[in-house]
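Undergrad: how does the following fold in three dimensions:
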Amino acid sequence: MKKKKIMLFSFLILLLNNGCNSPKFYNEIKRMYFKEKLTHNSLKKDINKELFKRIQDRLVQTEHIIYYYQPDYSVSDNNFSGIILDVDNGIYFYIKRKNINEIIIDTIPNSAYSKYQIDNINLFINNEKEKLKKMGDKCTYSGVNVYDNIYEIDLVKNMSNKFYFKNYFYCLDVQ
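TA: Got it, this is the predicted structure:
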């Protein structure tokens, strides 16, 4: 009887460990916070932890994501918007944090800004990082400079990296 309990307990741990990758994605993102230029927010409650906790049921069947994170245009990055691309299933999730208790996870809105974000994800996927950097460097506008962050995490290849570039949306000729 004791042997059966141990086997059942081991099976449950294995099932729980493999069934949900969101904590793994969050742990990789947290590990990269201080890599490169921009860090995560300075709140005591980590918003990425809360985000990945809320989206975990939608990322159960994926091992590879691209997380486009863009802090709000303010001195602090307590609010943010972005996109999570489930690379394995080709699904995009729009994310936005409006206030301390509200994180929105939805379909991508039909907006110029969402198009900007998706275009940047595609440039990143096509390894055109220098192009993103150059467009950001060319952009000069008054106010706070905001840096867009792209995290890529592939759990199968045990690969994670972070890329950042200066946001250049307001320098585009958007109609």
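Undergrad: per-residue pLDDT, T107?
TA: pLDDT for T107: 93.
Undergrad: run through the residues that contact it.
TA: Neighbouring residues of T107 by C-beta atoms under 8 Å, 6 or more residues apart in numbering: Y92, F93, Y94. All C-beta spots, glycine's among them, are computed from the backbone N, C-alpha and C.
Undergrad: return the backbone torsion pair for the closest residue to the second one other than its chain neighbours.
TA: With C-beta to C-beta, 6 or more residues apart in numbering as the criterion, F93 has its nearest non-adjacent residue at 4.5 Å, and that residue is I84. In terms of degrees, to the nearest 10, the main-chain angles of I84 are phi -110, psi 120.
Undergrad: same question, N122
TA: phi -60, psi -40.
Undergrad: how close does it get to F80?
TA: Using C-beta to C-beta, to the nearest Å, N122 is found at 21 Å from F80.
Undergrad: looking at those two now, which is surrounded by more residues?
TA: For N122 versus F80, the count of surrounding residues by other C-beta atoms under 10 Å is larger for F80: 20 against 11.
Undergrad: quick check: that one touching Q70?
TA: Yes: applying C-beta atoms under 8 Å, one finds F80 in contact with Q70, separated by 6.2 Å.
Undergrad: would you turn the contacts of T107 into CSV with distance to K129, secondary structure and pLDDT?
TA: Converted to CSV, these look like this (distance: C-beta to C-beta, whole Å; DSSP: H, G, I helix; E, B strand; the rest coil; pLDDT from 0 to 100):
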residue, distance to K129, secondary structure, pLDDT
Y92, 20, strand, 96
F93, 23, strand, 96
Y94, 23, strand, 95
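Undergrad: I'd like to know which of these are buried.
TA: With burial judged by 16 or more other C-beta atoms under 10 Å, the buried subset of these is Y92, F93, Y94.
Undergrad: of those residues, closest to F163?
TA: Nearest to F163 among the buried ones among the contacts of T107, counting by C-beta to C-beta, is Y92 at 18.2 Å.
Undergrad: bridging residues for that closest one?
TA: Beta-bridge pairing for Y92 (DSSP bridges): L85.
Undergrad: quick one: contacts for it?
TA: I83, I84, L85, D86, T107, I108, I118.
Undergrad: contacting residues around whichever strand or helix holds the last one?
TA: In other words, I118. Using DSSP states H and E, I118 sits within helix 112-125. Outside helix 112-125, the residues that touch it by C-beta under 8 Å, 6+ apart are 66, 68, 70, 81-83, 85, 92, 94, 108, 129, 131-132, 148, 150, 152, 163, 165, 169, 172, 174.
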